[in-house]
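Participant: Sequence first, predicted coordinates after that:
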Amino acid sequence: MLAAVGWTAALPAATWSAGQVREPAWAAALAIAVYGIGAVACHQLPARSFHLGAAQMPVCARCTGIYLGAALAAVMATRAGAAAPGGRARPLLTPRTLVVLAAVPTAATLAFEWSTGVTPSNGVRALAGLPLGAAVAWVIAKSVR
């Protein structure tokens, strides 16, 4: 849980730091690290990324949605685990089915973009990524228990 929440919090923190004219050395190092890690998994295209002020976020809007969904689900899974009674209920969906269904909005935006040549807005791309990140984090959190 801490990794998902920490990474999600680091994204706007690094963006804010990158937009500063003068920043402490530790803040610059954090921003460089977050942007570098973000580059491993994301294309970081400026037009497909949110911006805070003049600074582009370390990952695109879709990845931002995925990471935000993961952080929210990790917190919820942790809280649900703490409040759950001793018995385990049988899940309605298998983990694989849950992740596949959660990927449908992201796949739909990709299919739309590839078939029409029109890029959905960053807000739509981020919202489409939320369920995928949430499902993956939920499955991981529940598997670790």
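Facilitator: Nice, I can see it. What you see is a predicted model, and the numbers here were worked out from it, not measured in a lab.
Participant: Check the gap between the residue lying closest to Pro120 once chain neighbours are set aside and Ala74 for me.
Facilitator: Excluding the flanking residues, the one nearest Pro120 by C-beta to C-beta, 6 or more residues apart in numbering is Thr109, at 5.0 Å. Quick note: C-beta positions are derived from backbone N, CA and C, even for glycine. Distance, Thr109 to Ala74, by C-beta to C-beta, to the nearest Å: 23 Å.
Participant: between those two, who's got more neighbours?
Facilitator: Ala74 (23 against 19; other C-beta atoms under 10 Å).
Participant: Buried by neighbour count: which residues of the helix or strand hosting the more buried one qualify?
Facilitator: Ala74 belongs to helix 61-83 when assigned by DSSP states H and E. Going by neighbour count (16 or more other C-beta atoms under 10 Å), the buried part of helix 61-83 is 61-74, 77.
Participant: pLDDT at the most centrally placed residue in the chain, what is it?
Facilitator: With distances taken as C-alpha atoms, centre = their mean, the residue of the chain nearest its centroid is Tyr67 (1.3 Å). Here, the pLDDT recorded for Tyr67 equals 98.
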